[in-house]
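Peer 1: Let's see this in three dimensions:
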Amino acid sequence: MHALIVVAHPDPQSLTHRVAAHLAEGVTLSDAGHSVEFADLAAEGFDPRFTAADIALHLRKGVLPADVAAEQARVDRADALVLVYPVYWWSMPGLIKGWIDRVFTNGWAYDDRPDTGLVKLLGRLPVHLVGLGGADAGTYVRHGYFGAMKTQIDHGIFDYCGARVVTSEPLLEAGPNHAAAHLETARAVGRRLFDTSRRYEATDRVKVPEFR
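Peer 2: Just a heads-up that it's a prediction; the model follows:
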């Protein structure tokens with residue numbers, strides 16, 4: 001099985017990148033036949049800007065840009081999609097949101113036509129979300145951020161395309177005091193990424209059911 005891990009952080013020494021690396025390690029340790037590909041959007045210089053060319057493509061009047069075609073091919077090769085990102089302003093960073101804006105095109109992620117309505121095209125793709133947040137769980141619960149993020153990301157993006165969000169893993173209070181625990185959690189996510197026998201046990205993740 002093959003996983004695509006998409007990372008959006010400009011600092012390669014960041015905890016976000018270390019979490020992604022530990023998650024990948026968990027994947028490969030779980031089975032020698034598993035493989036991982038990284039899409040480091042910042043290092044690769046992916047352009048997240050949704051331009052007139054992207055609008056034309058959405059309206060089925062344009063040509064698929066080469067960079068978008070390459071990213072779609074990465075997803076097509078994957079048996080699971082993993083997004084690892086810091087939480088900025090209670091959502092994903094603009095870089096990874098722009099990746100979704102441009103890559104999840106009409107006709108590839110979904111098919112929306114006036115005569116047939118919406119057809120979801122990514123039903124075969126399991127998705128795993130790992131977000132690193134600076135606030136504590138109480139803040140997320142108190143302000144309803146878990147529910148808001150689930151509605152916006154899990155439902156608003158992936159369910160619209162038919163992709164099933166299997167893991168929504170919040171790594172909160174993502175500072176030096178919690179880094180070791182977060183890295184171990186990331187490795188556990190990787191170990192069970194392709195485990196179809198059972199879902200995550202509550203003891204292996206932050207106990208915040210509002211985020212599930």
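Peer 1: So what's the residue count around L23?
Peer 2: 27 (other C-beta atoms under 10 Å). Quick note: C-beta positions are derived from backbone N, CA and C, even for glycine.
Peer 1: before we move on, what about P114?
Peer 2: 5.
Peer 1: Let's see the pLDDT reported for it.
Peer 2: pLDDT recorded at P114 is 85.
Peer 1: quick one: it and L64, what's the gap?
Peer 2: As judged by C-beta to C-beta, to the nearest Å, P114 and L64 stand 21 Å apart.
Peer 1: The helix of greatest length in the chain - contacts with which helices or strands?
Peer 2: The longest helix of the chain (DSSP state H) is helix 15-30. Judged by 3 or more C-beta pairs under 8 Å, 6 or more residues apart in numbering; DSSP states H and E, the packing partners of helix 15-30 are strand 2-7, strand 35-40, strand 80-86, strand 126-132, helix 179-191.
Peer 1: want to try JSON lines for the ones you listed, with distance to V141 and mean pLDDT as columns?
Peer 2: Below are the helices and strands packed on helix 15-30 laid out as JSON lines (distance: least, C-beta to C-beta, whole Å; pLDDT from 0 to 100):
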{"stretch": "strand 2-7", "distance to V141": "27", "mean pLDDT": "98"}
{"stretch": "strand 35-40", "distance to V141": "32", "mean pLDDT": "98"}
{"stretch": "strand 80-86", "distance to V141": "20", "mean pLDDT": "98"}
{"stretch": "strand 126-132", "distance to V141": "15", "mean pLDDT": "97"}
{"stretch": "helix 179-191", "distance to V141": "19", "mean pLDDT": "97"}
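Peer 1: export the ones you listed to JSON lines and tack on distance to T151 and mean neighbour count?
Peer 2: Below are the helices and strands packed on helix 15-30 laid out as JSON lines (distance: least, C-beta to C-beta, whole Å; neighbours: other C-beta atoms under 10 Å):
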{"stretch": "strand 2-7", "distance to T151": "21", "mean neighbour count": "22"}
{"stretch": "strand 35-40", "distance to T151": "25", "mean neighbour count": "18"}
{"stretch": "strand 80-86", "distance to T151": "17", "mean neighbour count": "24"}
{"stretch": "strand 126-132", "distance to T151": "13", "mean neighbour count": "23"}
{"stretch": "helix 179-191", "distance to T151": "22", "mean neighbour count": "19"}
